[in-house]
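could you work out the structure for the sequence below:
(one chain, ligands or ions: 1)
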Amino acid sequence: MADTQVLQNVLRDDQRLPRVPEPGVMVIFGASGDLTSRKLVPALYDLAAQRRLPLEFAVVGVSRTEMSHDEFRARLRKGLEEQRSGEVSDDVWESFAGGIFYMPGDSKKAETYDELKDFLKRLDGERGTQGNRAFYLSSSPSLFPAIVERLGEAGMNEGEEGGWSRLVVEKPFGRDLGSARELNSEIRRYFEEAQIYRIDHYLGKETVQNILALRFANGIFEPLWNQHYVDHVQITVAEDIGVGTRGAFYEEAGALRDIVQNHVMQVLCLTAMEPPVAFDAESVREEKVKVLKAVRAIPEDDVEGYAVRGQYERGWVWGEEVEGYREEGDVDPESTTETFVALKVFVDNWRWAGVPFYIRAGKRLPKKATEVAIQFHSSPHTPFAHDDTQGLEPNVLVVRVQPEEGLSLKIGAKVPGSGFEVSSVNMDLLYGTAFLEEAPDAYQRLLLDLFLGDPTLFIRADEAEGAWRILDPVMHHWSESRDVPFYAAGTWGPKEADALLERDGRVWRRP
Ligand code: BG6
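The predicted structure is shown next:
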């Protein structure tokens with residue numbers, strides 16, 4: 001082997017070594033909330049268990065609830081145990097929890113930040129966190145601007161003594177285009193774009209990233225990935241759960257803001273984007289923004305031709321009778337909030353001209369299923385007898401994001417026997433059996449990237465705004481009418497959603 005080849009192989013192997021981030025602190029605002037105990041701390045605990053966090057790492061929770069460090073730790077441990085059915089390693093937890101702290105404080109008041117600043121400096125000395133800080137906004141979104149301003153006024157928008165300062169912003173990022181723009185400009189008064197990590201946990205999912213691997217690490221799909229071969233695309237984010245204890249939050253959000261503006265739009269971008277020149281933050285995000293810019297505006301005077309909303313009524317899911325949305329806790333009994341959305345969008349560029357992207361997302365549907373289905377044109381001509389092709393459907397490539405993560409390609413095949421009957425069958429690949437490793441949780445990946453300083457899987461300001469631009473006319477139209485179609489829990493949404501596709505001579509897939 002030539003020397004250069006050997007060297008290249010060594011370099012490649014080196015790159016595969018897990019990178020461990022620099023020392024640092026993660027400060028969580030709104031730390032008494034659900035996200036901290038359900039997602040953030042379990043993800044950090046897993047990273048600690050895999051030794052992917054430096055020893056000089058700390059977490060500081062801030063919220064108004066009075067609690068000691070130990071009470072906070074006990075609460076987080078309880079959350080972790082519930083999530084892991086009791087399987088928590090005492091050794092890992094003890095060493096990880098030694099770096100967890102809590103500071104009660106009102107995030108609107110300047111003195112909270114003076115205290116926080118002193119506390120973080122003390123940690124730099126005691127735990128060697130080297131002045132590096134990531135501030136995680138997980139509080140109520142209405143507090144985001146105040147927190148950012150106070151951080152800036154306290155000088156915490158810069159790391160201490162040569163360290164870095166990063167800001168993580170949880171969704172929802174604004175309520176519409178106007179408020180998202182405002183939030184972006186408020187944040188940018190104190191933080192540079194490179195310091196801002198707008199999080200969307202779908203981008204941390206292995207199978208969402210796999211859309212890129214499928215498209216750009218294979219030679220056979222990309223030539224077909226355009227209007228010449230694709231009839232239409234269906235993106236589904238179906239959940240069987242209802243709103244549970246999150247009624248108050250959901251009343252403000254609804255399916256469009258909760259799922260479509262962020263998760264679905266990101267999946268749409270990855271499905272439709274052009275190959276990025278490199279897999280780095282600017283190249284990937286540049287291509288995603290181009291998709292959002294190319295999405296045709298939904299006409300204000302014909303929103304119904306492109307968008308359907310729905311709300312679940314009492315019904316049956318997995319054999320159990322469940323309440324309707326209006327009967328859920330903290331929900332207005334006359335609420336018009338949508339728990340289901342179906343949309344038709346077009347990406348007006350050379351690749352996708354004329355190809356509809358049908359999108360649906362909803363709660364209390366029959367099952368949990370997130371997938372992207374690329375439906376190809378039918379074969380131009382079949383030489384077989386009409387009666388023999390009754391069971392033949394067009395080719396569909398399904399990227400299953402969850403559950404049963406994998407790929408499925410529907411192809412036509414001969415039915416065994418005499419004659420020449422052909423029918424559709426599925427070729428399936430399950431990622432779980434192909435790689436015998438369990439995929440890391442989305443937050444694990446994203447928090448690691450945050451500490452490594454890699455924003456590739458986070459959302460840039462213009463992406464957030466681009467997604468709102470598409471949805472603004474729909475939200476505006478819906479806000480003017482109280483007429484929400486209902487669907488029984490455990491069904492695939494209101495009949496209006498079926499009609500949206502029927503008008504185009506198409507039907508929704510059953511995932
Ligand atoms: C969250 C939404 O962002 O995503 C929830 O707020 C939703 O309403 C959840 O249930 C779905 O995430 P996942 O990872 O279970 O698909």
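
who's in contact with K78?
Applying CB atoms under 8 Å, 6 or more residues apart in numbering to K78 gives the contacts S37. To be clear about C-beta, it is placed using only N, CA and C from the backbone, and glycine gets the same treatment.

ok and the residue in the stretch 151-300 of the chain nearest the ligand?
D258 (4.7 Å; CB to the nearest ligand atom).

which stretches of the stretch 201-350 of the chain form strands?
230-238, 307-313, 315-317, 320-322, 340-346 (DSSP state E, counting those that start in this stretch).

chain center to the longest one, what's the gap?
In terms of CA atoms, centre = their mean, to the nearest Å, the centre of strand 230-238 is found 17 Å from the chain centre.

how about the second one?
In terms of CA atoms, centre = their mean, the gap separating the centre of strand 307-313 from the centre of its chain is 22 Å.

just list what it packs against, helices and strands only.
strand 340-346, helix 461-479, strand 486-488, helix 495-502 (3 or more CB pairs under 8 Å, 6 or more residues apart in numbering; DSSP states H and E).

so, low pLDDT: which residues of the stretch 1-150 of the chain?
For the stretch 1-150 of the chain, the stretches with pLDDT under 70 are 1-18.

hey, where'd the strands end up in it?
According to DSSP E, counting those that start in this stretch, the strands that the stretch 1-150 of the chain contains are 24-29, 57-63, 100-104, 133-137.

so which of those comes closest to the ligand?
With CB to the nearest ligand atom, the closest approach to the ligand among the strands of the stretch 1-150 of the chain belongs to strand 133-137: 14.8 Å.

quick one: that closest one to strand 57-63, angle?
Angle of strand 133-137 versus strand 57-63, following axes from the mean of the first three to the mean of the last three CA atoms, to 10 degrees, is 30 degrees.

still on that earlier bit, tell me which of the helices and strands packed on strand 307-313 sits most buried.
Ranked by mean neighbour count, the helices and strands packed on strand 307-313 are led by strand 340-346 with a mean of 24 (mean count of other CB atoms under 10 Å).

ok, and what's touching whatever helix or strand comes next after that strand?
Next helix or strand after strand 340-346 toward the C-terminus (DSSP states H and E): strand 356-362. Outside strand 356-362, the residues that touch it by CB under 8 Å, 6+ apart are 232-239, 255, 259-260, 263-264, 268, 271-272, 310, 312, 339-347, 493, 497, 500-501, 504, 506, 508.

then strand 356-362 to CSV, C-alphas only?
Output in CSV follows, covering the C-alpha atoms of strand 356-362 (Å, rounded to 0.1, in the frame of the first residue of the first chain):
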residue,chain,number,x,y,z
PRO,A,356,-47.0,17.5,-4.7
PHE,A,357,-45.6,16.9,-1.2
TYR,A,358,-48.5,15.7,1.0
ILE,A,359,-47.9,16.2,4.7
ARG,A,360,-50.0,15.0,7.6
ALA,A,361,-49.4,15.1,11.4
GLY,A,362,-51.7,14.4,14.2
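
excluding sequence neighbours, find me the nearest residue to the residue sitting nearest the centre point of the chain.
Centroid-nearest residue in the chain, with CA atoms, centre = their mean: Y202, separated by 2.3 Å. Leaving aside its sequence neighbours, Y202 sits nearest to H263 (CB to CB, 6 or more residues apart in numbering; 4.2 Å).

most remote residue from the chain's center?
Distance from the C-alpha centroid of the chain peaks at S418, with 49.3 Å (CA atoms, centre = their mean).

how about I411, secondary structure?
With DSSP: H, G, I helix; E, B strand; the rest coil as the basis, I411 sits in strand.

isn't T456 up against K288?
No. At 10.6 Å, T456 and K288 do not qualify as touching, with contact defined as CB atoms under 8 Å.

the two - which one has more neighbours?
K288 (25 against 16; other CB atoms under 10 Å).

show the pLDDT at Y431.
Reported pLDDT at Y431 in the predicted model: 86.

how close does it sit to R360?
As judged by CB to CB, to the nearest Å, Y431 and R360 stand 24 Å apart.

neighbour count: these two, which is higher?
Neighbours were counted for Y431 and for R360 using other CB under 10 Å; R360 has more, 26 against 16.

that one bridge partners, please.
With DSSP bridges as the criterion, R360 is bridged to T236, A342.

the stretch 151-300 of the chain: helices as residue ranges?
Listed in chain order, the helices of the stretch 151-300 of the chain (DSSP state H, counting those that start in this stretch) span 177-188, 206-216, 247-255, 265-272, 281-294.

now render the strands of the stretch 1-150 of the chain as CSV, adding distance to the ligand and mean neighbour count.
As requested, the strands of the stretch 1-150 of the chain are exported to CSV (distance: least, CB to the nearest ligand atom, whole Å; neighbours: other CB atoms under 10 Å):
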stretch, distance to the ligand, mean neighbour count
strand 24-29, 17, 25
strand 57-63, 19, 25
strand 100-104, 24, 21
strand 133-137, 15, 26
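
please state the backbone phi and psi of the residue lying closest to L47 once chain neighbours are set aside?
Distances taken as CB to CB, 6+ apart put L53 closest to L47, at 4.9 Å, once the chain neighbours are dropped. L53 has phi and psi values of phi -110, psi 140 when expressed as degrees, to the nearest 10.

distance of L53 relative to the ligand?
For L53, the distance to the ligand equals 23 Å [CB to the nearest ligand atom, to the nearest Å].

quick one, what contacts that residue?
L53 touches 20-21, 44, 47, 96, 451, counting by CB under 8 Å, 6+ apart.

counting only helices, which of those residues make the cut?
44, 47, 96, 451 (DSSP state H).

the third one contacts A48, correct?
The one in question is F96. Yes. The pair F96 / A48 is scored as a contact, 4.2 Å apart, by CB under 8 Å.

average model confidence for stretch 349-367?
The model assigns stretch 349-367 a mean pLDDT of 98.

got the buried residues for it?
By neighbour count on 16 or more other CB atoms under 10 Å, the buried set for stretch 349-367 is 349, 351-352, 355-366.

looking at the helices of the stretch 151-300 of the chain, which is buried most?
Mean neighbour count, computed with mean count of other CB under 10 Å, is highest for helix 265-272 among the helices of the stretch 151-300 of the chain, reaching a mean of 24.

mind listing what the nearest residue to R351 once chain neighbours are set aside touches?
Leaving aside its chain neighbours, R351 sits nearest to N226 (4.6 Å; criterion: CB to CB, 6+ apart). Contacts for N226 (CB under 8 Å, 6+ apart) come out as 350-352.

now those in a markdown table, with distance to D387?
What follows is these, written out as a markdown table (distance: CB to CB, whole Å):
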| residue | distance to D387 |
| --- | --- |
| W350 | 40 |
| R351 | 37 |
| W352 | 36 |
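
L212: which of those residues is nearest?
For those, the residue nearest L212 by CB to CB is R351; the value is 15.6 Å.

where's that closest one relative to N395, distance?
With the distance defined as CB to CB, R351 ends up 18 Å from N395.

quick one on the thing from earlier: out of the helices and strands packed on strand 307-313, which gets nearest to the ligand?
Closest among the helices and strands packed on strand 307-313, using CB to the nearest ligand atom: strand 340-346, at 12.5 Å.
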